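Participant: just need the structure, nothing else, for what follows:
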Amino acid sequence: MRFLFLVIFTFVIAQYSNVQGQTSNSLWYEKPAEKWLEALPIGNGSIGAMIFGGVDKERIQFNEQSLCTGDQEKMGNYQPFGDIYIDFASHKASGYRRELNINEAIHKTTFEANGVHFKREYFASYPDKVIVFFISADKKNQISGKVKLADAHHALITTTAQKLIATGRLTENQMDYESQIQVINNGGIVTTDTSGITVTNANTVTILLSAGTSFINDFRKDFKGDHPHQRLEKILSAASKKTYEQLLKNHESDYHALFNRVQLNLGNTPNESTLDRLKAYKKGAKDPALEALLFQYGRYLLISSSRPGGLPANLQGIWNDEFKPAWYSQYTTNINIEMNYWLAEPTGLTECTAPLFDWVENLADVQKKSSDPKLITKKGWIAYSTNNIMGGNSKWGIHRPGSAWLSQHFWEHYAFTGDTNFLKNRAYPMLKDVVEYWEEHLIERPDGKLITPDGWSPEHAPGMIEGDRTPYPGVSYDQQIVYDLFSNYIEASKALNIDTDYRTKITEMRNKLLGPQIGKWGQLQEWMEDVDNPQDHHRHNSHMFAVHPGRQISPISTPEYAKAALVSLNARGDEGGGWSSAWKINIYARLLEPKKAYKFIHQLINRNILLNLFDTYPPFQMDGNFGFTAGVTEMLLQSHLKNGDTNIIQLLPALPTAWLNGSITGLKTRGGITTNIYWKNGKLIKAEFKSNKDDIFEILYDTTKEKINIQANKKYKFYPKYSK
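Facilitator: Predicted coordinates:
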């Protein structure tokens, strides 16, 4: 019988694979972009570019992550860097297509003209530190055009043989900056003058772009480094010695090592342009493959905007064309920067978190030396709501629990990777530093409960007063974050087996914290007093922190509080922009509400996804893209709970009926388990687990609960047991 079952099951898996089809990971369009928010993004973690895909006139607008007008005292704005314009010989094009293939991280523009097939390829290389444009045709001597470099800040532009250089200095903070482009032709003639570089009758043309500033990501050096000229010269010199094929191979090897770790398949992709698919979706068409594409797009955007050695992805990732972008296009700590990184660990992009940790450590150092009376504290550190790359801030809204929320990411990195060196040298010191702040500042009520002082539930107050910064004690948001901080510190101390006396003290303090409260209409209270208004439809869901990204409230461990959280979240309504909808996807998934979670999947795409699949609040913000990917992950796999010291892995905890058949491979759990999940007709048919160490964990699926002993580097397969 067991043999027969395996034969039948193998047949079912094979049939499932045939039926399921393949989800394509490409955005493609049938005409060039007319506006910036129709262009398509590429990036290598430091330089980002928006490709318009013009036929006769191409525009590539670019940014470099550190070009900001602020400093350690003034907020400033993230700045556009410049544009590359290419004026081609006039073409009457047919068969036009522009495409961003996120499997390869390559943008392609193709068309036919005068019997010639033209192809333009664009990618941003992290290993070679350049953006590469390659222009070709299927016949010789067909490439002619003029390449021009325009600096957004009117810098001096100089020319050398086949190279354009823009050099300038920001007046606000005296930051030096420079961009360089080099044109390399195969065949034809190249001439250079003060207006640009002209190519005539070439077979192929390669254009290399590099850009940088004098900023260095080091508080100890006051964030000031050398002029970028020599660095950029070396980068372009090295890149120009490589063939296009070598540059492409380096790029693909680097990118695939990250992106290929996770694959999501929700069925066949319609053979329609992205624009047509979006229009159809907004008219009610079902397109699970579009939802899968958006999941992978979030991963693509994080890889493109956050790589080791650089800065974290900001409010717009790395892409910006405005001198005064919304909210400075920098870092907001009351949800936005944290949401940017929720997807990183579970979707296999742990390396992409490195810039976040570097930035937080620098931010802590800047706040500790600040003379701002609102930031001065004997122990630990706090920050304002909005901060820049150097730790400067907007002076709007002190955000006391912000440092605690940021420190959660340090703990999560250890929880997913098991990297004890990171825990010992970076996560534990950060956690303890922030714990010491709250140890000093918590207030004891007459009943012995500990509460936070001068709190705020972003970004409003009781009575639904928008922007009211009146301080309130014991705000649920603050209480929940401090509880999470203390819990993470306690686990970190246990893992390292250090500071046992202090751990005991913090455990006692955590136990005395005022916990979640259920109010008069069954809601999870947002405030210490029972004053919640059921008509409050504010965009922030701050008192849901304990559900997500915290782990204090769950339908499994605390069903009564989970029920109250659901009442509150339902009352919040459908209002809110892209990132708000994305957060609701995550929260509803944690509350095991697939129908509600999917409602906000659908709503976010309908209301907040632009033609190039960027999220808009409005205005454009990339946190919604990142939060969407995290939310889909939470719907398919969760690992935030424990049974004692044993991690619980929840399979398909919030699978919607819209995703009837599918698979996802390569997701990571806390504990470092690589997980593959396959389902058909809304039911799990198989899950696979692999770990780099011997481990014990508990699987939870539907009503099935099973404890698993897994051996290092051996795949374990789990098949659910269904009753007749």
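Participant: low pLDDT regions in the stretch 1-150 of the chain?
Facilitator: 1-22 (pLDDT under 70).
Participant: quick one: the strands in it?
Facilitator: Ranges of strands in the stretch 1-150 of the chain, per DSSP state E, counting those that start in this stretch, are 26-29, 40-43, 47-51, 57-64, 82-88, 94-101, 106-113, 116-125, 130-137, 143-151.
Participant: now do the third one: distance to the chain's middle.
Facilitator: This means strand 47-51. Chain-centre distance of strand 47-51: 17 Å, with Cα atoms, centre = their mean, to the nearest Å.
Participant: now do the second one
Facilitator: Centroid displacement of strand 40-43 relative to its chain, using Cα atoms, centre = their mean, is 14 Å.
Participant: check which helices and strands it is in contact with.
Facilitator: Packing partners of strand 40-43 (3 or more Cβ pairs under 8 Å, 6 or more residues apart in numbering; DSSP states H and E): strand 47-51, strand 94-101, strand 116-125, helix 288-305. For the C-beta atoms, the positions are set from N, CA and C on the backbone; glycine is no exception.
Participant: try 7 Å
Facilitator: For strand 40-43, the packing partners by 3 or more Cβ pairs under 7 Å, 6 or more residues apart in numbering; DSSP states H and E come out as strand 47-51, strand 116-125, helix 288-305.
Participant: out of the strands of the stretch 1-150 of the chain, which is closest to residue 682?
Facilitator: Closest to residue 682 of these, according to Cβ to Cβ: strand 26-29, at 27.6 Å.
Participant: what pairs with that closest one, parallel or antiparallel?
Facilitator: According to DSSP bridges, strand 26-29 forms sheet pairs with strand 94-101 (antiparallel).
Participant: and the helices in the stretch 251-400 of the chain?
Facilitator: 274-282, 288-305, 336-340, 354-369 (DSSP state H, counting those that start in this stretch).
Participant: which one of these lies nearest to residue 44?
Facilitator: Closest to residue 44 of those, according to Cβ to Cβ: helix 288-305, at 7.0 Å.
Participant: now do that closest one against helix 354-369, angle only.
Facilitator: Here helix 288-305 runs at 50 degrees with respect to helix 354-369, directions being taken by axes from the mean of the first three to the mean of the last three Cα atoms, to 10 degrees.
Participant: so for helix 288-305, mean pLDDT?
Facilitator: Across helix 288-305, pLDDT averages out at 99.
Participant: over to stretch 554-565?
Facilitator: For stretch 554-565, mean pLDDT is 99.
Participant: stretch 162-172 too?
Facilitator: In the prediction, stretch 162-172 has an average pLDDT of 97.
Participant: buried stuff in it?
Facilitator: Under the neighbour-count criterion of 16 or more other Cβ atoms under 10 Å, stretch 162-172 has 162-170 buried.
Participant: and residue 487, what element?
Facilitator: Per DSSP states H and E, residue 487 falls inside helix 476-496.
Participant: please name every helix or strand in contact with that helix.
Facilitator: helix 402-417, helix 428-441, helix 500-512.
Participant: angle of that helix against helix 428-441?
Facilitator: 130 degrees.
Participant: quick one: the helices in the stretch 601-724 of the chain, in order.
Facilitator: 623-636.
Participant: returning to what we had before: a markdown table for the strands of the stretch 1-150 of the chain, including mean neighbour count and distance to residue 675?
Facilitator: A markdown table is the format used below for those (neighbours: other Cβ atoms under 10 Å; distance: least, Cβ to Cβ, whole Å):
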| stretch | mean neighbour count | distance to residue 675 |
| --- | --- | --- |
| strand 26-29 | 19 | 26 |
| strand 40-43 | 26 | 28 |
| strand 47-51 | 26 | 32 |
| strand 57-64 | 23 | 36 |
| strand 82-88 | 20 | 43 |
| strand 94-101 | 17 | 26 |
| strand 106-113 | 20 | 29 |
| strand 116-125 | 21 | 30 |
| strand 130-137 | 23 | 35 |
| strand 143-151 | 20 | 47 |
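Participant: so which of these comes closest to residue 368?
Facilitator: Comparing those under Cβ to Cβ, the one sitting nearest is strand 57-64, at 28.4 Å.
Participant: could you give the angle of that closest one to strand 82-88?
Facilitator: Calculated by the same axes, to 10 degrees, strand 57-64 forms an angle of 160 degrees with strand 82-88.
Participant: buried residues in stretch 366-380, which are they?
Facilitator: So stretch 366-380, judged by 16+ other Cβ under 10 Å, has buried residues 366-368, 370, 375, 380.
Participant: ok, of these, which one's closest to residue 84?
Facilitator: The nearest member of the buried residues of stretch 366-380 to residue 84, counting by Cβ to Cβ, is residue 366 at 34.7 Å.
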